[in-house]
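Student: Any chance you could fold what I've pasted below:
(4 chains)
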2 protein chains.
Amino acid sequence: MKQKVTLKQIAKELDVSISTVSKALKDSVEISLDTRQKVKAFAKLYNYKPNNIALSLKNRKTKTIGVIIPEIVHHFFTTVIGGVEKVANEKGYNVIICSSNNSFDKEVINLEMLASGSADGFILSVAKETQLKKDYHHIEETMSQGMPVVLFDRIIDEVVCDKVIIDDSKGAQMATNHLLSIGCKKIAILTTVDYISVGKLRTNGYLRALRAYDVPEREELILKIEDIDNCESEISNFLKDKDIDAVFAVNELFAVTAAKVLGQQGKKIPDDISIIGFTDGILSKHFIPSLTTISQHGEDMGVRAAKLLIDKLEGDEAATEEYRTVIIDTSLIQRESTKKTKE
Amino acid sequence: MKQKVTLKQIAKELDVSISTVSKALKDSVEISLDTRQKVKAFAKLYNYKPNNIALSLKNRKTKTIGVIIPEIVHHFFTTVIGGVEKVANEKGYNVIICSSNNSFDKEVINLEMLASGSADGFILSVAKETQLKKDYHHIEETMSQGMPVVLFDRIIDEVVCDKVIIDDSKGAQMATNHLLSIGCKKIAILTTVDYISVGKLRTNGYLRALRAYDVPEREELILKIEDIDNCESEISNFLKDKDIDAVFAVNELFAVTAAKVLGQQGKKIPDDISIIGFTDGILSKHFIPSLTTISQHGEDMGVRAAKLLIDKLEGDEAATEEYRTVIIDTSLIQRESTKKTKE
DNA sequence: TACCCTTACGAAAACGTTTGCGTGTGGAAA
DNA sequence: TTTCCACACGCAAACGTTTTCGTAAGGGTA
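Tutor: Okay, here's the model as predicted:
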């Protein structure tokens, strides 16, 4: 087991100083061609690689981006990470991913850990608990120590920093408009409790679309779900014998669950009831019938977030003081679960 | 913007030496109670956190585990990561995740980057390209430099190290047995090309099960798919008008695609044809009909892999020299897509 | 008063780099 | 022979820790 070779060892072997080795490897003109070649040959032979940790300490930057997301087993977040990685790798950055598991405490711990030397900046989507608690001191603190933070998707309005979001409200409006435009009038919505920022915004978009079409908003068509993972019976009860012609679900799971229970209740999709979801994941694509949905372009979000962060990290002082909010376009992906109703 | 506070700054502020501060924070008896309290109060006030990078350099370990997987947008791999994170966090380790995107080059780059100081050891599932190329020098090299590697799922037999796998062959056998036991006789298999280790093993398991039941193996019932992401037309052509009563698919995507095209071809599942998949992901669970499948217990794999790695990292020299292969049990999850055929 | 022991702290090395600056050697010019 | 200047290299500081060892001050004992 040959240990990792250091400058010091090479220097000793070749009977020169450490600085000579370092400079030789960097092709410094200070060092004679002869020595340079000798050092480089030796370094190659022993597979010398500079120690990142030492470099980080010396340069006071790690060339690493910390990404903290609420869930790691989640299609949308992984697509965002994909985008982040793409940009980061291009620009020579490493990516560390941590999941908060939707726990405030774990979010704080992860952030503090990464902030104490492991990452130069952060891309973050906050945990449910954080949105509920409204405690953002860890984020503020990180920024006050000079580390830039980019928030995405589940953001916090009160925190001043770069942000990448979709216009959730507009996306929901687009979804609802689509249903209205194909002739649906009695549109139920399956959404989350209000403290989830994106859920609330999507509910708002739904309501706005109804108003624009002069369709009265009806309380009994709105279901706000708390326990996302066990939503089936709740949705089933809610939908049972309800006089509706369409369902708008604010996420993929609600959409497929609605499709499933409606099927069980003898409804045909899209003939009896149209369904539209949110998030273009693997479920929407492969479900039968495939689900019309709103795409959030997760990878784009990741790309933009990473660019914003790297700009800040490498930018001059001027750019440092202004914060930008990038809004990613949503788009409607029309599939089989929505269909023009016959007049 | 208050910069991160260091020992040096505290020392200066309090007019003591750096070592005094360091010792005081560690409650060393060398330091008077008075000084200790003063230092601790000051450190708390300024939110002092030791710099991880400096600690890593000093201790020559990073307390970080590097995880490299072929794809980040992939349900199975994320569940494995979930398991790794769980154990890692318990034991005070950080996790860095990189994706190789199934590219050999990117796998090498990521590994080398993390190996040069960023991680103490690795949990790795190799890229397709790596399996094809059979070039494992980067892994051997990493290990020869004293960094333990645990391979999981897509492993390499030739590399001697700790491994966590499922018995793919046995799992496939279990799946095929299930089909046979409910009366299916003409079982097609949708599998991958042979260089993908897990695909080949699962094909073997299928064949073995057939032999054990004295069912002749028929070449025309075996489809080896190269381009996983565009498999629909291939599967559709293969299945068209084929005289079969069951399909075994070696992954989730093949399974749902088979279900879809069979549906299009007018077959009822499970009445006309039973389907069984591999991997218990989100698709199998939510598809209609929900798919019988073999669960790989991804989270377990992650847990075991992390434990193996940490054992090696913290173990004494004795444990260092022996390598273990942990085989995670697979289990059959029976859902709606398989049904006893009427005799 | 002289000596010793405890208490409380500081100096310095080490981890592996990079880099500005100092310096010895040799040859060329005067 | 003296002076000067490249050239080629080494020294040392710095990044932020931890830890070993050294030591000054003070009090107690003989």
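
Student: make it CA atoms for all contacts and neighbour counts henceforth
Tutor: Will do.

Student: check contacts around A:Leu151.
Tutor: Applying CA atoms under 8 Å, 6 or more residues apart in numbering or on different chains to A:Leu151 gives the contacts A:Ile123, A:Leu124, A:Ser125, A:Val126, A:Cys161, A:Asp162, A:Lys163, A:Val164, A:Ala305.

Student: where does the stretch 51-200 of chain A come near chain B, residue by residue?
Tutor: For the stretch 51-200 of chain A, the contact set with chain B under CA under 8 Å from any CA of the partner chain comprises A:51-54, A:56-57, A:72-75, A:78-79, A:81-82, A:95-98, A:116-118, A:144-146.

Student: What is the nearest of the contacts of A:Leu151 to A:Ile182?
Tutor: For the contacts of A:Leu151, the residue nearest A:Ile182 by CA to CA is A:Val164; the value is 31.4 Å.

Student: So the closest one lies in a helix, does it not?
Tutor: No. Counting by DSSP: H, G, I helix; E, B strand; the rest coil, A:Val164 is not found in a helix; it is strand.

Student: Next, the contact list for it, please.
Tutor: Going by CA under 8 Å, 6+ apart, A:Val164 touches A:Val150, A:Leu151, A:Phe152, A:Asp153, A:Met301, A:Arg304, A:Ala305, A:Thr325, A:Val326, A:Ile327, A:Ile328.

Student: coming back round to it: restricted to buried residues, select the contacts of A:Leu151 in PyMOL.
Tutor: A single PyMOL command selects the buried members of these (16 or more other CA atoms under 10 Å in any protein chain shown):
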select buried, chain A and resi 123+124+125+126+161+162+163+164+305
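
Student: Buried ones among the residues of the stretch 51-200 of chain A next to chain B?
Tutor: A:51-54, A:56-57, A:72-75, A:78-79, A:81-82, A:95-98, A:116-118, A:146.

Student: Among these, which ones are in strands?
Tutor: A:Val95, A:Ile96, A:Ile97, A:Cys98 (DSSP state E).

Student: show me what contacts the third one?
Tutor: For A:Ile97, the residues meeting the contact criterion (CA under 8 Å, 6+ apart) are A:Gly66, A:Val67, A:Ile68, A:Ile69, B:Val95, B:Ile96, B:Ile97.

Student: The last one too?
Tutor: Residues in contact with A:Cys98, defined by CA under 8 Å, 6+ apart, are A:Gly66, A:Val67, A:Ile68, A:Ile69, A:Ile72, A:Asn110, B:Val95, B:Ile96.

Student: Let's see that with 10 Å instead.
Tutor: A:Cys98 sits next to A:66-72, A:106-107, A:110-111, A:114, A:124, B:82, B:85, B:94-97 when contact means CA atoms under 10 Å, 6 or more residues apart in numbering or on different chains.

Student: what do you get for A:Ser274?
Tutor: A:179, A:182, A:184, A:187, A:244-248, A:259, A:268, A:291-292, A:336-341.

Student: mind redoing it with 7 Å?
Tutor: Taking CA atoms under 7 Å, 6 or more residues apart in numbering or on different chains as the contact definition, A:Ser274 lies against A:Asp245, A:Ala246, A:Val247, A:Ser337, A:Thr338, A:Lys339.

Student: Please, which helix or strand holds the fifth one?
Tutor: The one in question is A:Thr338. For A:Thr338, there is no enclosing helix or strand under DSSP states H and E.

Student: I'd like to know how far A:Ser103 sits from chain B.
Tutor: Distance from A:Ser103 to chain B, counting by CA to the nearest CA, to the nearest Å: 13 Å.

Student: And A:Ile123, by the same measure?
Tutor: Distance from A:Ile123 to chain B, by CA to the nearest CA: 15 Å.

Student: what's the pLDDT at that residue?
Tutor: A:Ile123 is assigned 98 on the pLDDT scale.

Student: ok, now the one 4 residues further on?
Tutor: Among the per-residue scores, A:Ala127 holds a pLDDT of 96.

Student: what sits against the nearest residue to it once chain neighbours are set aside?
Tutor: Closest residue to A:Ala127 apart from its sequence neighbours, by CA to CA, 6 or more residues apart in numbering or on different chains: A:Asn102 at 4.1 Å. A:Asn102 sits next to A:Pro70, A:Glu71, A:Ala127, A:Lys128, A:Glu129 when contact means CA under 7 Å, 6+ apart.

Student: Now with 6 Å, please.
Tutor: If you count contacts by CA atoms under 6 Å, 6 or more residues apart in numbering or on different chains, A:Asn102 has them with A:Pro70, A:Ala127, A:Lys128.

Student: Tell me which of those residues fall in helices.
Tutor: If you go by DSSP state H, the contacts of A:Asn102 have A:Lys128 in helices.

Student: can I get the contacts of A:Asn102 in JSON lines with distance to DNA strand D and neighbour count?
Tutor: As requested, the contacts of A:Asn102 are exported to JSON lines (distance: CA to the nearest atom of the strand, whole Å; neighbours: other CA atoms under 10 Å in any protein chain shown):
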{"residue": "A:Pro70", "distance to DNA strand D": "29", "neighbour count": "23"}
{"residue": "A:Ala127", "distance to DNA strand D": "28", "neighbour count": "25"}
{"residue": "A:Lys128", "distance to DNA strand D": "31", "neighbour count": "19"}
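
Student: DNA strand C: which of the contacts of A:Asn102 is nearest?
Tutor: Comparing the contacts of A:Asn102 against DNA strand C with CA to the nearest atom of the strand picks out A:Pro70 as the nearest, at 34.4 Å.

Student: and the closest one, what is it in contact with?
Tutor: A:Ser99, A:Ser100, A:Asn101, A:Asn102, A:Ala127.

Student: Can you lay out those as TSV showing distance to A:Gln173?
Tutor: Listed next are the contacts of A:Pro70 as TSV, based on distance: CA to CA, whole Å:
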residue	distance to A:Gln173
A:Ser99	31
A:Ser100	30
A:Asn101	30
A:Asn102	27
A:Ala127	25
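
Student: for the residues you listed, which one is nearest A:Lys133?
Tutor: Using CA to CA, A:Ala127 comes nearest to A:Lys133 of those, at 9.9 Å.

Student: Relative to B:Asp105, how far out is the closest one?
Tutor: 35 Å (CA to CA, to the nearest Å).

Student: Over to A:Leu332?
Tutor: 36 Å.

Student: same check, this time on A:Glu299
Tutor: Plainly put, A:Glu299 is 22 Å away from B:Asp105 if you go by CA to CA.

Student: which one of these two has more residues nearby?
Tutor: Taking other CA atoms under 10 Å in any protein chain shown, A:Glu299 and B:Asp105 do not tie; A:Glu299 has more neighbours (20 against 14).

Student: Find me the pLDDT at that one, would you?
Tutor: A:Glu299 is given a pLDDT of 97.

Student: Tell me the spacing between it and A:Ala305.
Tutor: 10 Å.

Student: Now the common contact residues for the two.
Tutor: Joint contacts of A:Glu299 and A:Ala305 (CA under 6 Å, 6+ apart) do not exist.

Student: which residues of the stretch 1-150 of chain A score low on pLDDT?
Tutor: Low-confidence segments of the stretch 1-150 of chain A, defined by pLDDT under 70: A:1.
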